[in-house]
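Undergrad: I'd like to go over a predicted model; first the sequence, then the structure.
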Amino acid sequence: MSVQPKADLYYDPYDFEIDSDPYPVWQRLRDEQPLYYNERYDFFALSRFDDVERASVDWSTYSSAKGTILELIKSGMAMPPGSIIFEDPPTHDIHRGLLSRVFTPRKMNAIEPKIREFCARSLDPLIGAGGFDFIRDLGAQMPMRTIGMLLGIPEEDQETLRDRGDERLRLNESAMPDVEAMFATDDPGTEFEAYIDWRADHPSDDLMTELLQAEFDDATGTRRRLSREEVLGFVNLLAGAGNETTTRLIGWTGKLLAEHPDQRAELVKDRGLVANAIEEVLRFESPSPVQARSVTHDVEHYGRVVPEGNVMLLLTASGNRDERKFPKGDRFDIHRRIDHHLAFGYGSHFCLGAALARLEGRVALDEVLQRFPSWEVDWDNAVQARTSTVRGWERLPVTTP
């Protein structure tokens, strides 16, 4: 049976008002129009957990090769080599394999002491100050230090590179950004060229050196090393992803536990609950809520055909609140039993840095609770970030006793 459009049901990923709290709209999409079409920007969207999960696995139908962001796909720009999120198998699998041996849970857990050190460096000076900012003082600091350390970027340059990345993602108005104009004056990744040149002549124990020296068999069967352009793509991707999503996760953790002081008190008493609490934060407020795909052939959903060549948005954050999968999905519960959620994607594009993000989220929360067992959000000075790729806070100041 075909689902007919409802005139008053509107979803727009660039609309600031919707982005402030998209969940009521997403619930209506799940219930009333699980296959949604937006005429203004010409895209379809899936919002239910099962639909998003199946589409995430089916890369041959829902392709990433033209981009995974709506405005990138619509621009028609060629995707840079080395950006594995913009690739399909077999090339994706080959490039992913080069990184997967680095981002294993075992190797990520080995850097936990360093992550705790980064947290302590940020938080210790704030003890007794009466408050701090979950983003500026922690979320924008520790992930930046961690990914910078892994890549081999000098500490004195890390903040500048992070700020450039943040500025590139920021939306200035409630409309699709002009991607071609953005890239005409700012070529992302070029800021890393000097570091790559330096590492080529001065190898070290970091990911940049590993990428420069790695040998692999490409899709043609040729044994080779990554091109300089491919290394740039890898480094740019990792630097951006390593900063943005974990920063948003830390911000959401601060907000949600301020709103649920009873659950925060449980965490203070029992740190064994922290890991599951982070999973619930990821489910409840997914930092990367929307993924875009290009439809490679006609496909049918709910009695309607989506023609080849269209864009399909996978509303992963909507799926994570779907009551068909998670009973009382709009309730935050650190005790919730979660077999798996969609915050890190699913299938071949499951987030390569998931183990690192989970570790950073867990350590950050543990270190905050150790020093600040309670806090309240200073809403007069909180600022929500506006981007088309991640959702969270630009500033989240809190007051502490």
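TA: Good, I have the coordinates.
Undergrad: roughly how far apart are P307 and V57?
TA: Distance, P307 to V57, by CB to CB, to the nearest Å: 21 Å. Any C-beta I mention is one placed from the backbone N, CA and C, and that applies to glycine too.
Undergrad: neighbour-wise, which of the two wins?
TA: The residue with more neighbours, out of P307 and V57, is V57; 16 against 10, by other CB atoms under 10 Å.
Undergrad: Kindly state the pLDDT recorded for L314?
TA: pLDDT recorded at L314 is 98.
Undergrad: just P261 next, same as before
TA: Listed pLDDT for P261 reads 98.
Undergrad: Name the helix or strand for the residue lying closest to it once chain neighbours are set aside, please.
TA: Of all residues not flanking P261 in the chain, S374 sits nearest, at 6.8 Å (CB to CB, 6 or more residues apart in numbering). Using DSSP states H and E, S374 sits in no helix or strand.
Undergrad: thought S374 was touching V368?
TA: No. In terms of CB atoms under 8 Å, S374 does not count as a neighbour of V368; the distance is 10.6 Å.
Undergrad: okay, now the residue nearest to P261: neighbour count?
TA: Counted with other CB under 10 Å, residues neighbouring S374 total 15.
Undergrad: again with R101
TA: 10.
Undergrad: Equivalent analysis for G233, please.
TA: When neighbours are counted by other CB under 10 Å, G233 comes out with 25.
Undergrad: Same question for stretch 171-178: list its buried residues.
TA: Neighbour-count burial for stretch 171-178, counted by 16 or more other CB atoms under 10 Å, picks out 171, 176-177.
Undergrad: average pLDDT across it?
TA: In this model, stretch 171-178 has an average pLDDT of 81.
Undergrad: Use 614 as the first number for this chain going forward.
TA: Sure, I'll start counting at 614 from here, so that last one is stretch 784-791.
Undergrad: How much space separates L764 from D991?
TA: Using CB to CB, L764 is found at 34 Å from D991.
Undergrad: correction: Q640
TA: Counting by CB to CB, the gap from Q640 to D991 is 29 Å.
Undergrad: re the thing from before, with neighbour numbers in mind, choose between L764 and D991.
TA: L764 (23 against 15).
Undergrad: Any idea how many residues pack against the closest residue to L648 other than its chain neighbours?
TA: Excluding the flanking residues, the one nearest L648 by CB to CB, 6+ apart is H914, at 4.1 Å. Neighbours of H914 under the rule other CB under 10 Å: 17.
Undergrad: Report the beta-bridge partners for H914.
TA: Beta-bridge pairing for H914 (DSSP bridges): R917.
Undergrad: Give me the pLDDT value at it.
TA: H914 is assigned a pLDDT of 98 by the prediction.
Undergrad: likewise D706?
TA: 91.
Undergrad: Would you mind confirming that it is in contact with L965?
TA: No. Using CB under 8 Å, D706 makes no contact with L965, being 11.8 Å away.
Undergrad: For those two, indicate the residue with more neighbours.
TA: L965 (19 against 14).
Undergrad: how about the nearest residue to that one once chain neighbours are set aside, what does it touch?
TA: Closest residue in space to L965, ignoring its immediate chain neighbours: F716 at 5.2 Å, by CB to CB, 6+ apart. Counting by CB atoms under 8 Å, 6 or more residues apart in numbering, F716 touches 965-966, 968-969.
Undergrad: Can you verify Y650 is assigned to a strand?
TA: Yes. Counting by DSSP: H, G, I helix; E, B strand; the rest coil, Y650 is found in a strand.
Undergrad: That one and R906: what is the separation?
TA: 15 Å.
Undergrad: the more surrounded of those two?
TA: More crowded of Y650 and R906, by other CB under 10 Å: R906, with 27 against 15.
Undergrad: can I assume the more buried one is in contact with A668?
TA: Yes. The pair formed by R906 and A668 meets the contact definition of CB under 8 Å, at 6.9 Å.
Undergrad: And the strands in the stretch 614-763 of the chain?
TA: 648-651, 656-659, 675-676, 744-746 (DSSP state E, counting those that start in this stretch).
Undergrad: Which stretch among those strands approaches L839 most closely?
TA: Of all those, it is strand 675-676 that lies closest to L839, at 22.7 Å by CB to CB.
Undergrad: tell me which strands and helices that closest one is in contact with?
TA: Judged by 3 or more CB pairs under 8 Å, 6 or more residues apart in numbering; DSSP states H and E, strand 675-676 is in contact with strand 904-908.
Undergrad: How far off centre is the strand it packs on?
TA: Distance of strand 904-908 from its chain centroid, counting by CA atoms, centre = their mean, to the nearest Å, is 16 Å.
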